[in-house]
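>>> only geometry, no sequence info:
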């Protein structure tokens, strides 16, 4: 290979994923070079911690804390950004793009908050900003969507995008364990962070679904546009009742486009019919289901995290950039779904129409059930199925699944019911059902 | 858009899929043009039948029986070949490539028999030969594998690649119906051809797994290199016993690479643990599971047939070609897994080591079971689990699952057992088990 058939790579952030990238290049770099016809040279690493021993072979001379030096090094063709978090990552990526360098990133928070500006800058500078690792870890879902599903009008995209939550929910479903115990187990196994807020409150999923929605609909949808509910309020009881009703509860990211182009993007625990393909995704695995007008539904499944799978996604981006450099091409845009161009048309969650699962805890008194039914009826909520559990001592649990109803009607009815003296307003729950996935 | 930002397309074969392509371009052509920046013009269609009414809007003036004219028309940039079958499709594709035209094909039989020569010709002529629709219908699995999984050493690829067989097996599993009845139902619903041989004997799956194995391993693996067993010998009885043992039977294409680079490529009914992701793929749906050294297992799921999904795959190839033309690029090779380059190292099926499901029907006499066990032991076959059903009148059924064993040992033991006077050699079966998928 001649000098022109190589690219020089600078890596910012030498943590778990960064170590995975070094190992992937060490182990499979020759294979990648042979396949793409370009050698991938890792020539600089920047990390504030230059002392800690990493579980990878690397030349210590290429590691320093000098991020600025890396970003301004004219010999670097591509910067891999693996710091995570919005700042200073965003500033570093901006600098790299301004300096005419391609960027590969796994940073979903940065993209879900500042993606549009960064993509516009990349286009202006005629460089690539690639992000396969930002959603779905090792699953090549971004590439499959952008390059494979591009002839389709994407009507919706739905994902199990957080392995921590899916592990917890799978444990709760399979063993009947409560949320707190499942979370502790996840922490013990390293599937949950010591502070799990970002995962269990749905924020990670929200960042990812914002990215997928933007690509799918060509709209500039950001994290702040996503309605988010986490899994912390789920109890073993609701998991059990959902199972009895034929559903599995998953934390989903959901992005749906209405006929007239309005996007509703949301994250919440969702009751899925247990035979649906997404319901069958267990444990720490992730999956992305896309609904295209031509292909109907396709789903991709695999490991959504982990150093080695994530490194594979990053290396696939490096190979695309290597091929681009080799071709002498000057139009870096993909033949594909475009990155968003500034517009958006959002539907508020109050306008959602779907089936709902409602659970109320009420005094075991004559007439309570009819009062609840009357309130639902008055608010236009029609009941699809109902069961009562109990009485337990002096109270009973009333579980309802509604026919498709507008969220605003459910909110009104539930507020009214919770105000009834017989109902314990702190111990009920409203969950959304999604059929047809 | 200027003149240079369009490509002219000639379509050969105006059947069901061809009609789907015309409809996809009519309905989503503007969207595709906007996304890729190039207009896709369908300017000629060739089909021997110029009279039949197709369920699509098209200018009758562009349809003729003049395939040669289309192939030699200098204004055509891309030829879509949708005739199916090896000849004359192969000759037409060769001519198109020789004439410097890009080719998009859905023809798995042609690629599994003559792919390497055609890919070499395309490379020589600096044009693209794309085939997303040849495996997995609308699922963008070829692109995901070639562009997304390219940093991985692919250790294996496994697929449910034929919707007819998967529909039949799903029906047998869910309703207990026998093979013949399930096949009749599939015919009635249009899921099976009037002559279903190509599907139910595993030939369609064999063509597809040969293509996937070639791409995955970079070896020139052809249809004739694939060991093939169809689903016609499966009975409701075996489906039932497999279910009792915790397995689901699927017709799989399996391609596995040994540590030292030998490929074993095969198609046969396979017992999968019922919790495996492939086991959960029901009805006419397809799925491809890839095992890469970095990403571990990823799976893609969706519609493997149908005019509209298949047309979507074809259009994604057209968009790749359009982008290639737009970029003025002269290196049409993808940054990816290469198409095979001539070598192969095959492992014979006799060297397969896996678990086996064995069912024998034997006279209900004292000592038969111990004779069978002794024969297995003598041949080095160790038993993992066993059950006996019956006696039914004068005979009993003996069902065994072995520990991992070499296929040759199983063959020897089964031949010996079938030669026993107490055993009905025409009424037993040997099936392979695949765990860990």
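Great, that's in hand. If you're wondering where the values come from, they're calculated on a predicted model, not measured in any experiment.

>>> Only C-alpha atoms from now on, for both contacts and neighbour counts.
Will do.

>>> What residues of the helix or strand where residue A:372 lies count as buried?
Counting by DSSP states H and E, the secondary-structure element that holds residue A:372 is helix A:368-378. Applying a neighbour-count criterion of 16 or more other CA atoms under 10 Å in any protein chain shown, the buried positions in helix A:368-378 are A:368-369, A:372-373, A:375-376.

>>> Stretch A:265-277 now?
Of the residues in stretch A:265-277, those buried by neighbour count under the rule 16+ other CA under 10 Å are A:265-274, A:276-277.

>>> among those, which are in reach of chain B?
Within the set of the buried residues of stretch A:265-277, contact with chain B (CA under 8 Å from any CA of the partner chain) is found for residue A:277.

>>> Nearest to residue A:225 among the buried residues of stretch A:265-277?
Sorting those by distance to residue A:225 puts residue A:265 at the head of the list, at 7.2 Å, by CA to CA.

>>> ok, which pair from the buried residues of helix A:368-378 is furthest apart?
The widest separation within the buried residues of helix A:368-378 (CA to CA) is 12.5 Å, between A:368 and A:376.

>>> Return the set of residues that bridge with residue A:45.
Here residue A:45 shows beta-bridge partners residue A:11, residue A:63, assigned using DSSP bridges.

>>> In which helix or strand does the closest residue to residue A:135 other than its chain neighbours reside?
Leaving aside its sequence neighbours, residue A:135 sits nearest to residue A:208 (CA to CA, 6 or more residues apart in numbering or on different chains; 5.6 Å). Take DSSP H and E as the rule and residue A:208 turns out to sit in helix A:203-217.

>>> Tell me which residues of that helix come out buried.
Neighbour-count burial for helix A:203-217, counted by 16+ other CA under 10 Å, picks out A:203-217.

>>> So which residues of the stretch 51-200 of chain A form helices?
All helices of the stretch 51-200 of chain A, identified by DSSP state H, counting those that start in this stretch, fall at A:67-71, A:89-98, A:108-125, A:141-143, A:163-175, A:179-188, A:197-200.

>>> go on, the stretch 301-437 of chain A?
For the stretch 301-437 of chain A, applying DSSP H, counting those that start in this stretch gives helices covering A:307-327, A:368-378, A:407-418.

>>> which strands and helices sit next to the shortest one?
Under the contact criterion of 3 or more CA pairs under 8 Å, 6 or more residues apart in numbering or on different chains; DSSP states H and E, the helices and strands touching helix A:368-378 comprise helix A:407-418.

>>> and the helix it packs on, which residues are buried?
Here helix A:407-418 shows A:407, A:409-410, A:413-414, A:417-418 as buried, counting by 16+ other CA under 10 Å.

>>> tell me which of these is nearest to chain B?
Chain B lies nearest to residue A:407 out of the buried residues of helix A:407-418, by CA to the nearest CA, at 30.8 Å.

>>> wait, isn't the closest one in contact with residue A:348?
No - using CA atoms under 8 Å as the test, residue A:407 is too far from residue A:348 to be in contact (9.8 Å).

>>> For chain A, give me the ranges with low pLDDT.
A:1-4, A:329-342 (pLDDT under 70).

>>> Would you mind giving the domain segments of chain A?
Each domain of chain A is listed here as a residue range: A:3-138+A:307-327, A:141-302, A:350-433, per automatic domain parsing.

>>> distance between the ends of the last one?
The reference is to domain A:350-433. Separation of the first and last residues of domain A:350-433 by CA to CA, to the nearest Å is 15 Å.

>>> show me where the stretch 201-350 of chain A has strands.
Along the stretch 201-350 of chain A, counting by DSSP state E, counting those that start in this stretch, strands occupy A:227-228, A:247-257, A:263-273, A:285-292, A:296-303.

>>> Just checking: what are the partner strands of the fourth one?
Strand A:285-292 pairs in its sheet with strand A:154-160 (antiparallel), strand A:296-303 (antiparallel), by DSSP bridges.

>>> one step back: nearest to chain B among the buried residues of stretch A:265-277?
Closest to chain B out of the buried residues of stretch A:265-277 is residue A:277 (7.9 Å), distances taken as CA to the nearest CA.

>>> circling back to that earlier point, buried deepest among the helices of the stretch 51-200 of chain A, which one?
Ranked by mean neighbour count under mean count of other CA atoms under 10 Å in any protein chain shown, these are led by helix A:141-143, which reaches a mean of 26.

>>> quick one: contacts of that one?
A:131-132, A:135, A:212, A:288, A:300, B:144, B:147-148 (CA atoms under 8 Å, 6 or more residues apart in numbering or on different chains).

>>> Tell me which residues touch the residue nearest to residue A:135, please.
When contacts are taken as CA under 8 Å, 6+ apart, residue A:208 is in contact with A:108, A:112, A:134-135, A:161, A:253.

>>> go with 10 Å
Residue A:208 sits next to A:107-109, A:111-112, A:134-136, A:159-162, A:222-223, A:253 when contact means CA atoms under 10 Å, 6 or more residues apart in numbering or on different chains.

>>> now it: how far from residue A:112?
Taking CA to CA as the criterion, residue A:208 is separated from residue A:112 by 7 Å.

>>> circling back to that earlier point, determine which two of the buried residues of stretch A:265-277 are furthest apart.
Across those, no pair lies farther apart than A:265 and A:274, at 22.8 Å, counting by CA to CA.

>>> Verify the contact between residue A:122 and residue A:104 for me.
No - shown here, residue A:122 and residue A:104 do not form a contact pair, counting by CA atoms under 10 Å, at 11.4 Å.

>>> Quickly list what's touching both of the two.
Between them, residue A:122 and residue A:104 have A:93, A:128-130 as joint contacts when contacts are counted by CA under 10 Å, 6+ apart.

>>> Mind putting those into CSV with distance to chain B?
Formatted as CSV, the shared contacts of residue A:122 and residue A:104 follow (distance: CA to the nearest CA, whole Å):
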residue, distance to chain B
A:93, 23
A:128, 14
A:129, 16
A:130, 12
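
>>> Show only the entries of the residues you listed found in strands.
Taking DSSP state E, the ones among the shared contacts of residue A:122 and residue A:104 that sit in strands are A:129-130.

>>> Nearest to chain B among the contacts of residue A:208?
Relative to chain B, the closest of these is residue A:136; by CA to the nearest CA it sits at 10.6 Å.
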